[in-house]
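1. Here is a sequence together with a model predicted from it:
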Amino acid sequence: MTLPFRKYQGLGNDFILLDGRTGTLPSFAGEPAQQLCDRHFGIGADGLILALPPQAGGDVRMQIFNADGSEAEMCGNGIRCFARFLADLDAAPVGKSWQVETAAGRIVPQLLEGDLVSVDMGRPFLEPAAIPTSIAAGNPLADQELEVAGERLWVAAVGMGNPHAVVQVLDLEQLDFERLGPALEQHPAFPARANVHFVQVIAADRLRLRVWERGAGPTLACGTGACASLVATHLRGACGREASLELPGGPLQIRWDDNDHLQMAGPAVHVFSGVLADNSEASAGASDAGYQQALALLDNLSLDQMVNLANNSLEERNRRRISGR
């Protein structure tokens, strides 16, 4: 058995996608997802996304695993890639939208022209218990000074169906990102760990962002994180309700509309397609059966017959090499 897959990226945040809407997929939780996402021994990705039959009245269900094998509630770049994946499989036209069931609730992506996909990301969660965080509720933001890796940082907590920690900095270039990112991801103030974002305000409609993603480490983009960062920065009075979020992989356009929903627009691009070989015991058994058949064939050949078989095989390979076939 083999499984076809496609790989997509949104601003460099890359994902492996599998279609399980009409069939049964094996479990990828934990080590299987981790192996596929490994950039040295697997395909390589920031996450694995499965398209599954709906369970709550939507059009389709999305299940996403981080690169470390843990399951994520939602991913903004991931759901744009998910929409492009569905569109490519089903030849969907511009304007097509889906009611996507996720662990963070129902999300609605829509195809735009070119590679662009817009997503209604829903309302942000600002109550600590819903994020979740132990940072106390504020008016209007859960915002607190925390000790992180020996430093004092003002950290805002925002939920987008998954937890986010947002830190505003004066200069991203002076940030000790590799030390502070993982320390804040695993800070006790975030019992489910956190996606970590460091934000530099360039203008009221322009923010720069660096991302340390929960379960993946440094990533080139994070859609839910861009939304959370806009919310936190706006509620701090440092930007408007609409801005371009400049991430290492490129910009995302984020707007916090009058209905309290976050609207995100950005690219989703097909990278390549392939097939996953099944390395199960059944496949191993089939391979072993083939090996036994080959041994049985050789047992029935004389020495002269085996020499002739080898010579013929060598001559055929040389003939093809010379003819370029």
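-> Perfect, I can see it now.

2. drop to CA atoms for contacts and neighbour counts, all remaining ones
-> Fine.

3. what's A103 in contact with, if anything?
-> By C-alpha atoms under 8 Å, 6 or more residues apart in numbering, the residues touching A103 are Q63, A72, E73, M74, G161.

4. if you set the cut-off to 10 Å instead, what comes out?
-> R61, M62, Q63, I64, E71, A72, E73, M74, G161, N162 (C-alpha atoms under 10 Å, 6 or more residues apart in numbering).

5. and it, how far is that from E71?
-> 9 Å (C-alpha to C-alpha, to the nearest Å).

6. which residues are in contact with both of those two?
-> Q63, I64.

7. Pull out the buried residues from the helix or strand hosting E101.
-> Using DSSP states H and E, E101 falls within strand 100-102. Residues V100, E101, T102 are the ones in strand 100-102 that count as buried (16 or more other C-alpha atoms under 10 Å).

8. The next helix or strand after it packs against which elements?
-> Next helix or strand after strand 100-102 toward the C-terminus (DSSP H and E): strand 105-111. When contacts are defined as 3 or more C-alpha pairs under 10 Å, 6 or more residues apart in numbering; DSSP states H and E, strand 105-111 packs onto strand 60-66, helix 76-90, strand 100-102, strand 116-120, strand 262-267.

9. tell me the angle of strand 105-111 relative to strand 60-66?
-> 100 degrees (axes from the mean of the first three to the mean of the last three C-alpha atoms, to 10 degrees).

10. And the pLDDT for the most centrally placed residue in the chain?
-> The centroid of the chain falls nearest to G47 when counting by C-alpha atoms, centre = their mean (3.8 Å). Note on G47: pLDDT of 96.

11. Quick one: list the elements packing against the strand holding E101.
-> Going by 3+ C-alpha pairs under 10 Å, 6+ apart, strand 100-102 lies up against strand 47-52, strand 60-66, helix 76-90, strand 105-111.

12. which regions of the stretch 151-300 of the chain lie under the pLDDT threshold?
-> Along the stretch 151-300 of the chain, the model assigns pLDDT under 70 to residues 278-300.

13. let's go with 80 and repeat that
-> 277-300 (pLDDT under 80).

14. Same list, the helices and strands packed on strand 100-102, but as JSON lines with distance to W212 please.
-> Below are those laid out as JSON lines (distance: least, C-alpha to C-alpha, whole Å):
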{"stretch": "strand 47-52", "distance to W212": "14"}
{"stretch": "strand 60-66", "distance to W212": "13"}
{"stretch": "helix 76-90", "distance to W212": "14"}
{"stretch": "strand 105-111", "distance to W212": "23"}
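
15. Which of these sits closest to G250?
-> helix 76-90 (11.8 Å; C-alpha to C-alpha).

16. Let me know the angle separating that closest one from strand 105-111.
-> Using the same axes, to 10 degrees: helix 76-90 against strand 105-111 is 60 degrees.

17. could we number from 468 for the rest of this?
-> Sounds good: first residue 468 from here, last item helix 543-557.

18. mind saving the C-alpha coords of helix 543-557 as CSV?
-> Extracted as CSV, the C-alpha positions of helix 543-557 are listed here (Å, rounded to 0.1, in the frame of the first residue of the first chain):
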residue,chain,number,x,y,z
GLY,A,543,-3.1,29.9,10.0
ASN,A,544,-0.6,29.2,7.4
GLY,A,545,-1.6,25.5,7.6
ILE,A,546,-5.2,26.1,6.8
ARG,A,547,-4.3,28.3,3.8
CYS,A,548,-2.2,25.4,2.5
PHE,A,549,-5.1,23.0,3.4
ALA,A,550,-7.5,25.1,1.3
ARG,A,551,-5.1,25.2,-1.7
PHE,A,552,-4.6,21.4,-1.3
LEU,A,553,-8.4,20.8,-1.5
ALA,A,554,-8.7,23.2,-4.4
ASP,A,555,-5.9,21.4,-6.4
LEU,A,556,-7.4,18.0,-5.7
ASP,A,557,-11.0,19.0,-6.6
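
19. tell me the average confidence for that helix?
-> Helix 543-557 comes out at a mean pLDDT of 96.

20. Please apply the same query to stretch 576-592.
-> 95.

21. Show me which residues of that stretch are buried.
-> Neighbour counts over stretch 576-592 (16+ other C-alpha under 10 Å) mark 576-579, 583-592 as buried.

22. nearest to L620, of the residues you listed?
-> Out of the buried residues of stretch 576-592, the member with the shortest distance to L620 (by C-alpha to C-alpha) is F592, at 21.3 Å.

23. ok, the closest one - contacts?
-> I598, P599, L608, A624, V625, G626, M627, G628, N629, P630, A695, V698.
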